[in-house]
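>>> model the following, please.
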Amino acid sequence: MGDFYRDREQTEAKHALLRRYLENFAHKVVRTYGSIDYVDAFCGPWEERDAEGLSDTSIAIALSNLQSVAETLPGDRKTAIRCIFNEKNKQSFARLEAFIDSARDKYPLLEIHTLNGVFEDNVAKIKRLATNKFMLLFVDPTGWSGFSPDALKALSGQRNSEIMINFMRSFVERFLCPPVPEQADRLRELLGAERSQRLAGKRIPITEIEEELTRVLKEDLGFRFAASSPIHNPDRNQIHFQMFYGTHHPAGMEVMRQAEFKALSQHDQSRFNKAQDPQQPDFLAGLVDVEGPYLRERRQHLKGLRSAILERLDHSSHNLKFSTLRAGIQEQLFLRGKEIGDAVIALAAEGLVEPTWKTRGGKRPIDDDLMRRRSG
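Predicted coordinates:
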């Protein structure tokens with residue numbers, strides 16, 4: 001597997017994040033809702049090195065993980081998990097169909113559909129196919145267009161769903177941030193007309209575009225929680241991809257941050273290992289941080305966790321369930337639920353937070369425990 005990703009470590013991290021997310025997510029969803037539609041809007045394949053097995057593509061990763069989940073279901077539950085793969089490029093679509101035809105016997109418990117065409121044009125077809133009780137929409141384009149807010153809302157709005165969008169940060173920074181004549185049209189394709197009008201005509205920091213995309217997920221698509229995970233360039237300390245995520249449920253944030261920790265901790269290690277590779281140019285060793293940018297930023301988030309908890313409790317007009325407090329913090333910080341729970345326990349020991357979990361005889365907060373500052 002490593003050879004397939006040589007010099008594509010950022011893609012390996014992206015796929016590791018998807019894989020680890022699916023491992024936990026699909027089990028939880030099928031147990032809760034009974035069925036799931038997985039929709040890959042820009043599935044490819046492209047630039048794959050495993051031409052036969054497509055193991056270095058989101059296609060095979062999703063099929064393998066979802067088949068494993070289906071095998072744990074009782075009885076004949078073939079229609080409990082449906083996969084819909086959409087690809088507009090005719091050559092890539094031909095490879096997709098050939099792979100599905102050859103590999104279908106490996107995934108007997110999955111219902112698999114393939115669509116050829118522009119994602120936005122195929123939204124109606126996808127909606128007719130995606131009739132299960134829950135949908136995960138995976139959006140991994142080769143640019144910034146083709147997945148307008150209107151198209152995403154038409155597919156994921158008004159239903160139980162989650163979304164993952166791989167945001168090509170370095171690409172967007174190059175083509176959408178400078179105030180070129182095409183800027184307004186490009187922004188409109190990504191963020192919609194109203195947001196484009198407000199931003200266009202000036203040099204825009206990439207962080208501002210990312211903040212607007214988060215608002216699209218929450219305000220336009222109606223997701224309760226939205227966050228992102230940075231995937232750094234393998235050869236220098238800058239973000240290459242940003243994986244955005246939207247969910248209606250606090251547990252979704254926990255699944256994502258758990259998957260992120262495993263995938264991006266390994267990516268930090270892979271980046272460092274590559275910098276030490278004698279086959280790489282000497283200058284790479286000076287560009288890659290030994291510590292790793294993800295883990296370094298995560299340590300800073302741990303340092304700020306205490307104040308983040310107190311600030312959120314101070315600004316809430318009512319008591320917050322621990323699950324809501326946790327997910328709200330996870331929107332901003334790369335932290336797992338246990339770390340947030342440990343910090344709440346420490347604050348309670350200092351007399352700053354009410355240890356409400358003790359009223360039920362608990363040792364630590366769980367989802368439904370109400371969190372509040374200790375008065376007096």
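
>>> got the domain ranges for this structure?
Domain ranges of the chain: 3-284, 297-371, per automatic domain parsing.

>>> so of those, which one's packed in deepest?
Of all the domains of the chain, domain 3-284 carries the top mean neighbour count, a mean of 18, counting by mean count of other CB atoms under 10 Å. The C-beta positions use only the backbone N, C-alpha and C, and glycine is treated the same way.

>>> contacting residues for residue 114?
By CB atoms under 8 Å, 6 or more residues apart in numbering, the contact list for residue 114 reads 84-87, 93, 96-97, 100.

>>> can I get the domains of the chain in JSON lines with mean pLDDT and distance to residue 291?
JSON lines is the format used below for the domains of the chain (pLDDT from 0 to 100; distance: least, CB to CB, whole Å):
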{"stretch": "domain 3-284", "mean pLDDT": "93", "distance to residue 291": "8"}
{"stretch": "domain 297-371", "mean pLDDT": "98", "distance to residue 291": "9"}
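
>>> that older thread, narrow the contacts of residue 114 to those in helices?
Among the contacts of residue 114, the members found in helices (DSSP state H) are 93, 96-97, 100.

>>> which residues in the stretch 201-350 of the chain form strands?
Using DSSP state E, counting those that start in this stretch, the strands of the stretch 201-350 of the chain run over residues 225-232, 239-247, 320-321.

>>> mind putting the ones you listed in TSV, distance to residue 209 included?
TSV is the format used below for the strands of the stretch 201-350 of the chain (distance: least, CB to CB, whole Å):
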stretch	distance to residue 209
strand 225-232	12
strand 239-247	10
strand 320-321	30
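
>>> out of these, nearest to residue 338?
For the strands of the stretch 201-350 of the chain, distance to residue 338 was read as CB to CB. The smallest value, 16.8 Å, belongs to strand 320-321.

>>> report the contact partners of the closest residue to residue 27 other than its chain neighbours.
In this structure, residue 27 finds its nearest non-sequential neighbour in residue 69, 5.7 Å apart by CB to CB, 6 or more residues apart in numbering. Residues in contact with residue 69 (CB under 8 Å, 6+ apart) are 22, 26-27, 30, 81.

>>> which one of those is nearest residue 65?
Each of these was checked against residue 65 using CB to CB; the closest is residue 22, at 4.2 Å.

>>> residue 189 reaches residue 144, doesn't it?
Yes - Residue 189 is within contact range of residue 144, at 6.5 Å (criterion: CB atoms under 8 Å).

>>> what's stretch 294-312 in contact with?
Contacts to stretch 294-312, defined as CB under 8 Å, 6+ apart, come from residues 230, 232, 261, 264-265, 267-268, 289, 320, 325, 328-329, 332-335, 339-340, 343-344, 346-347, 352-353, 373.

>>> show me where the stretch 1-150 of the chain has its strands.
Under DSSP E, counting those that start in this stretch, the stretch 1-150 of the chain gives strands at 36-40, 81-87, 111-116, 135-139.

>>> helices or strands up against the last one?
Think strand 135-139. helix 9-33, strand 36-40, helix 149-156, strand 161-167 (3 or more CB pairs under 8 Å, 6 or more residues apart in numbering; DSSP states H and E).

>>> and the second one, by the same measure?
Strand 81-87 sits against strand 36-40, helix 58-70, helix 90-103, strand 111-116, helix 123-129, with contacts defined as 3+ CB pairs under 8 Å, 6+ apart.

>>> hmm, 6 Å instead?
With contacts taken as 3 or more CB pairs under 6 Å, 6 or more residues apart in numbering; DSSP states H and E, strand 81-87 sits against strand 36-40, strand 111-116.

>>> which other helices and strands contact the shortest one?
Helices and strands touching strand 36-40, by 3+ CB pairs under 6 Å, 6+ apart, are strand 81-87, strand 135-139.

>>> what lines up beside the first one in the sheet?
Applying DSSP bridges, strand 81-87 is found paired with strand 36-40 (parallel), strand 111-116 (parallel).

>>> export those strands to TSV and tack on distance to residue 368?
Output for the strands paired with strand 81-87, formatted as TSV (distance: least, CB to CB, whole Å):
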stretch	distance to residue 368
strand 36-40	25
strand 111-116	35
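
>>> between those strands, which gets nearest to residue 15?
Proximity to residue 15, assessed across the strands paired with strand 81-87 by CB to CB, is greatest for strand 36-40 (12.3 Å).

>>> give me the distance from the closest one to the chain's centre.
Its chain's C-alpha centre and that of strand 36-40 lie 14 Å apart, by CA atoms, centre = their mean, to the nearest Å.

>>> so what touches it?
Contacts with strand 36-40, where a contact means CB atoms under 6 Å, 6 or more residues apart in numbering, come from 29-30, 58, 62, 81-85, 126, 130, 132, 134-138.

>>> relative to helix 149-156, how tilted is it?
Angle, strand 36-40 to helix 149-156, by axes from the mean of the first three to the mean of the last three CA atoms, to 10 degrees: 150 degrees.

>>> strand 36-40 to helix 90-103, inter-axis angle?
Computed by the same axes, to 10 degrees, the angle between strand 36-40 and helix 90-103 is 140 degrees.

>>> can I get strand 36-40 in PDB, CA atoms only?
Extracted C-alpha coordinates of strand 36-40, given in PDB (Å, rounded to 0.1, in the frame of the first residue of the first chain):
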ATOM      1  CA  ILE A  36     -27.400   3.900   4.700                       C
ATOM      2  CA  ASP A  37     -26.700   5.500   1.300                       C
ATOM      3  CA  TYR A  38     -23.100   6.300   0.600                       C
ATOM      4  CA  VAL A  39     -22.700   8.800  -2.300                       C
ATOM      5  CA  ASP A  40     -19.300   9.600  -3.900                       C
END
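
>>> what about residue 151, distance to residue 230?
25 Å (CB to CB, to the nearest Å).
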